[in-house]
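Novice: prediction below, plus the sequence it came from.
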Amino acid sequence: MTAKKKMSFSRISFEDLLELVDIREVMDYSVFEDWFRFDYSLNPEEEAFLEDLLTRNLRFVDTYLEEELKAQFIIPLLNKVNFFHGQARGWYERPLQARINEVLLHGRTDYMVARGIETPREPYFFIQEYKQELGDRHPKNALLAEMMVALELNGDSQMRGAYVIGKSWTFVLLNKESEHRYEYFRSQDFSAIKISELQGIYRNLQSVKAML
């Protein structure tokens with residue numbers, strides 16, 4: 001059966017998601033405890049790297065355009081985490097799509113961790129950035145759509161992700177409760193211009209890598 005309608009990640013609104021599926025936000029920070037309490041101790045070299053990354057970017061993070069934020073801050077951080085693990089790695093701007101409730105959700109992901117050799121086959125984690133050209137369109141909408149597609153492709157019931165707005169990182173859990181019914185949770189924000197919280201972001205990403 002072909003999809004009757006198409007929705008792009010980059011243009012989707014939360015109202016679009018509500019029309020597509022039964023999705024609701026649950027306010028419960030405790031669901032992140034296992035993820036965020038991952039036992040990972042930064043070594044001195046990692047501590048120095050994060051301090052240098054912060055020092056070089058502190059003045060500019062809030063004024064970077066999307067590609068500048070990605071190139072100067074996000075990519076170096078992700079490269080340091082090093083998601084190359086077995087057959088998994090990080091992928092930038094790769095197409096992703098699936099049909100949900102007879103609607104084709106599609107687009108290119110900002111960043112995802114997925115298994116695969118030359119093409120991503122099993123998405124595992126997503127990072128979505130705020131795009132200034134989309135005005136006030138919230139990045140969580142695209143992130144949730146991408147995570148829903150990943151759950152559909154993988155046949156899983158839970159997916160992890162994060163969205164980035166300037167210096168602020170927010171982690172997200174999406175649970176598929178039943179067919180076309182979802183719950184999602186948002187963490188408290190992490191400020192990447194505070195060294196303790198930047199270290200927390202780094203640990204949380206290392207926790208994702210350990211789950212592969």
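Specialist: Thanks, I have it. Remember, predicted model here, so these are calculated numbers, not experimental data.
Novice: mean confidence score for the strand or helix carrying Met147?
Specialist: Take DSSP states H and E as the rule and Met147 turns out to sit in helix 139-154. On average, the pLDDT along helix 139-154 is 97.
Novice: give the buried residues for the helix or strand encompassing Ile75.
Specialist: Take DSSP H and E as the rule and Ile75 turns out to sit in helix 75-81. By 16 or more other Cβ atoms under 10 Å, the buried positions in helix 75-81 come out as Pro76, Leu77, Leu78, Val81. (C-beta placed from N, C-alpha, C; glycine too.)
Novice: check which helices and strands that helix sits against.
Specialist: Helix 75-81 is packed against helix 44-57, helix 195-210, with contacts defined by 3 or more Cβ pairs under 8 Å, 6 or more residues apart in numbering; DSSP states H and E.
Novice: to Ala114, which of the ones you listed lies closest?
Specialist: helix 195-210 (12.0 Å; Cβ to Cβ).
Novice: hmm, back to that, with distance to Phe171 and pLDDT as extra columns, can I get the buried residues of helix 75-81 in a markdown table?
Specialist: Compiled in a markdown table, the buried residues of helix 75-81 are given as follows (distance: Cβ to Cβ, whole Å; pLDDT from 0 to 100):
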| residue | distance to Phe171 | pLDDT |
| --- | --- | --- |
| Pro76 | 19 | 98 |
| Leu77 | 14 | 98 |
| Leu78 | 14 | 98 |
| Val81 | 14 | 98 |
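Novice: what is the nearest of those to Arg94?
Specialist: Among the buried residues of helix 75-81, Leu78 lies closest to Arg94 (Cβ to Cβ), at 14.5 Å.
Novice: now for that closest one: which residues touch it?
Specialist: Leu78 makes contact with Gly90, Tyr111, Ile127, Leu205, according to Cβ atoms under 8 Å, 6 or more residues apart in numbering.
Novice: any idea which residue sits dead centre in the chain?
Specialist: Centroid check for the chain by Cα atoms, centre = their mean gives Ile127 as the closest residue, at 2.5 Å.
Novice: any idea how far Trp35 is from that one?
Specialist: 15 Å (Cβ to Cβ, to the nearest Å).
Novice: please apply the same query to Glu118.
Specialist: Distance from Glu118 to Trp35, by Cβ to Cβ: 30 Å.
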